[in-house]
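*Asks:* Okay, predicted coordinates and the sequence, questions at the end:
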Amino acid sequence: MIGVIGAMQVEIEGLRAMLEDAETVTVSGIEFVTGRLEGQPVVMAVCGIGKVFAAICAQTMILRFPVRAIINTGCAGTLCRELGIGDVAVATDVVQHDMDTAGLGDPLGMLSGPNIIHIPAGRRLSALVEEAVAETGHKCVAGTIATGDQFLCQRERKQWIHDTFGGIAGEMEGGSIGQVCYVNHIPFAVIRTISDDADGNAPADFPAFAAQAAQTSIQITASVLRRIPNEERLD
Ligand code: ADE
């Protein structure tokens, strides 16, 4: 079974509408919907916004359903020149830009315990995502997706995240889902279509473009589900 997580209703509802044999279970206030999509057994959920809701959702999904991979689909603000509104960022890895134990001498973003900053996305899964984006004709950039509990709308912060972590796109859940998948040895992918510039225009652009961006990521996710081979491991 493949897990699919979106932060907002609009990031999942288009996939939910395509689901065959849908059944719903609610855990910790999150609805998990199982069924078949593009011939693939799936479980999907709207996790809510931010790292804690995303972690609750990913960990519950892993404990309650036999997921062999998780895809995080949705929108993001761009952190680089190469990505504009409507283009697609695919994670090679994820980082949490607001993780900070520098006061203890650690590098910024380091996750104490595993002691890593960048969590790698599943290589095979992400290669399938890149293939799926290519088929849509959308511009695709693969790189670091930066996550934090912050809607990014200031040039200085955007530049800092790009300079500090090499982030290409910023959002609020992917790094958390990646961390949960990492500790559970589950491959993951993050697909984020750009909805705004993570800068001064973001408060106006996000509501204007989020639904369209979410729909692009949904289309790509469906195409990835079609491409996933029917084997046990997917790293
Ligand atoms: N998701 C979409 N746009 C975003 C932004 N500017 N900051 C954080 N998350 C986002």
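*Replies:* That came in fine, so what should we check first? Numbering: from 1, shown residues only.

*Asks:* residue contacts, Met61?
*Replies:* For Met61, the contacting residues are 3, 5, 32, 43, 45, 67, 70, by CB atoms under 8 Å, 6 or more residues apart in numbering. For every residue, glycine as well, the C-beta is placed using N, CA and C.

*Asks:* any chance of those residues in TSV, with secondary structure too?
*Replies:* TSV is the format used below for those (DSSP: H, G, I helix; E, B strand; the rest coil):
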residue	secondary structure
Gly3	strand
Ile5	strand
Phe32	strand
Val43	strand
Ala45	strand
Val67	coil
Ile70	strand
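
*Asks:* The closest residue to the ligand within the chain in helix, strand or coil?
*Replies:* Using CB to the nearest ligand atom, the single residue of the chain nearest to the ligand is Gly77, 2.9 Å away. The local conformation at Gly77, judged by three-state DSSP, is strand.

*Asks:* Mind giving me the PyMOL select for the contacts of Met61, buried ones only?
*Replies:* Buried members of the contacts of Met61, defined by 16 or more other CB atoms under 10 Å, are picked up in PyMOL with:
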select buried, resi 3+5+32+43+45+67+70
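
*Asks:* Show me which of the contacts of Met61 is closest to Asp235.
*Replies:* Asp235 lies nearest to Ile70 out of the contacts of Met61, by CB to CB, at 12.7 Å.

*Asks:* got the residues of the protein near the ligand?
*Replies:* Listed as neighbours of the ligand in the chain under the rule CB under 6 Å from any ligand atom: 75-77, 151-153, 170-172, 195-196, 198, 202, 206.

*Asks:* low-scoring stretches of this structure, by residue?
*Replies:* The model of the chain has pLDDT under 70 over residues 232-233.

*Asks:* which residues in this protein form helices?
*Replies:* Assigned by DSSP state H, the chain shows helices spanning 13-16, 51-64, 123-136, 155-165, 174-183, 202-227.

*Asks:* hmm, who's touching the shortest one?
*Replies:* With contacts defined as CB under 8 Å, 6+ apart, helix 13-16 is touched by 4, 22, 33, 37, 44, 73, 214-215, 218-219, 221-222.

*Asks:* hmm, back to that, determine which two of the contacts of Met61 are furthest apart.
*Replies:* Between any two of the contacts of Met61, the greatest separation by CB to CB is 12.2 Å, found for Phe32 and Ile70.

*Asks:* Just to check, Ile177 is in contact with Ala58?
*Replies:* Yes: with contact defined as CB atoms under 8 Å, Ile177 reaches Ala58; the gap is 4.6 Å.

*Asks:* so what's in contact with those two at the same time?
*Replies:* Common neighbours of Ile177 and Ala58 (criterion: CB under 8 Å, 6+ apart): 5, 70.
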